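Chemist: my questions are about this predicted structure, shown below with the sequence.
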Amino acid sequence: MSKIAKYVLYDIVRSRFILFYTVFLLVVTFSMYSLDTDPGKSTLSLLNIILLVVPLVSVIFTTTHFFNSYEFIELLLSQPVTRRTIFLAEFFSVASALALSFLIGVAFPMLLLAYSEATLFLILSGLLLTLVFVSLAFLASVITRDKAKGIGMALLFWIYFTLIYDGLILYIVYSFSDYPIEKITLLLSSLNPVDLARIVILLKLDLSALMGYTGAFYKSFFGSNLGIIYSFLFLLVWIGAPLLIALRKFARKDI
């Protein structure tokens, strides 16, 4: 697997898309901390961008790369290599390339300009979100052989988790505002990896007051060590579950 992964990773790193993505993140991060003297406000502004851009780039690049590599995958399948090895090599190569871009474009300038506990959690959350949406994109890619449908399905994942899901949560909270639904909203937030990352960072920036009474409940839970462990464990589940489903489908897929 290591030889295949190295070859694929080397090919991905040389692509213009990865270079552009890295430079874009680098410029945006440096700009945010240059425009505002308050590191907390800059980190919050950068958080909003990361929660939208990182998942979007991850799903688009992953699905595009997977379908563009179909001939290469077919060639590998004709060799004495298991499907599991090929699939995991593709996953780790794509995930490593996007994670490396994130580290160079976001982690390096943040640690240089505004090192704090909040920035460390933002970096870790960004890396985990990258892996989550790479996993979801691989799942979308193996479900169908049609490139347009695969990209469309991956984009639906992004739209649902970054845009639609928050609207559903707000509707539920508004409709049942007279009832104690804090624990229910905690569970619902766990079903969205983007929300998990956002809540942890907001609490680390001490902005839970902006979330009202529910924010106080989140602070008592997510602000504790147990809450931090809970949120990151759920993010790991969001990485592993789609990846395992995609791996099983790829193993049985007629290519």
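Modeler: Thanks, I have it.
Chemist: buried residues in stretch 145-159, which are they?
Modeler: 150-151, 153-155, 157-158 (16 or more other Cβ atoms under 10 Å). Using the backbone N, CA and C atoms, a C-beta is placed for each residue, glycine as well.
Chemist: ranges for the helices of this protein?
Modeler: Applying DSSP state H to the chain gives helices spanning 2-13, 16-35, 39-68, 70-77, 83-102, 108-113, 117-143, 147-159, 165-175, 182-190, 193-204, 212-222, 225-252.
Chemist: the bottom helix or strand of this protein by mean pLDDT?
Modeler: In the chain, no helix or strand scores lower on mean pLDDT, DSSP states H and E than helix 212-222, which sits at a mean of 56.
Chemist: which intervals of the chain have sub-threshold pLDDT?
Modeler: 1-2, 36-37, 173, 177-183, 206-224, 254-255 (pLDDT under 70).
Chemist: show me how far stretch 123-143 is from its chain's centre.
Modeler: 5 Å (Cα atoms, centre = their mean, to the nearest Å).
Chemist: ugh, wrong one, stretch 72-83
Modeler: Relative to the centre of its chain, stretch 72-83 is centred 28 Å away, using Cα atoms, centre = their mean.
Chemist: stretch 15-28 too?
Modeler: 17 Å.
Chemist: ok now do Ala137, which residues does it touch?
Modeler: Taking Cβ atoms under 8 Å, 6 or more residues apart in numbering as the contact definition, Ala137 lies against 58-60, 62-63, 66, 154, 157.
Chemist: and with 6 Å instead?
Modeler: Contacts for Ala137 (Cβ atoms under 6 Å, 6 or more residues apart in numbering) come out as 59, 62-63, 154.
Chemist: any idea how far it lies from Ile4?
Modeler: Distance of Ala137 to Ile4, computed by Cβ to Cβ, to the nearest Å: 19 Å.
Chemist: now swap in Ala95 and tell me
Modeler: For Ala95 relative to Ile4 (Cβ to Cβ), the value is 14 Å.
Chemist: compare the two (neighbour count), which wins?
Modeler: Ala95 (22 against 19; other Cβ atoms under 10 Å).
Chemist: what about the residue nearest to the more buried one when sequence neighbours are not counted, neighbour count?
Modeler: Leaving aside its sequence neighbours, Ala95 sits nearest to Val134 (Cβ to Cβ, 6 or more residues apart in numbering; 4.8 Å). Residue neighbour count, defined by other Cβ under 10 Å, stands at 28 for Val134.
Chemist: also Asp38?
Modeler: 10.
Chemist: equivalent analysis for Lys3, please.
Modeler: Counted with other Cβ under 10 Å, Lys3 comes out at 10.
Chemist: and if you look at Leu19?
Modeler: Quick note: Leu19 (other Cβ under 10 Å) scores 12 neighbours.
Chemist: for it, give its distance to Thr144.
Modeler: Leu19 is 29 Å from Thr144, by Cβ to Cβ.
Chemist: could you do Gly152 as well?
Modeler: Distance, Gly152 to Thr144, using Cβ to Cβ: 9 Å.
Chemist: same deal with Arg252?
Modeler: 14 Å.
Chemist: more crowded one of the two?
Modeler: The neighbour count for Arg252 versus Thr144, taken as other Cβ under 10 Å, is higher for Thr144 (14 against 8).
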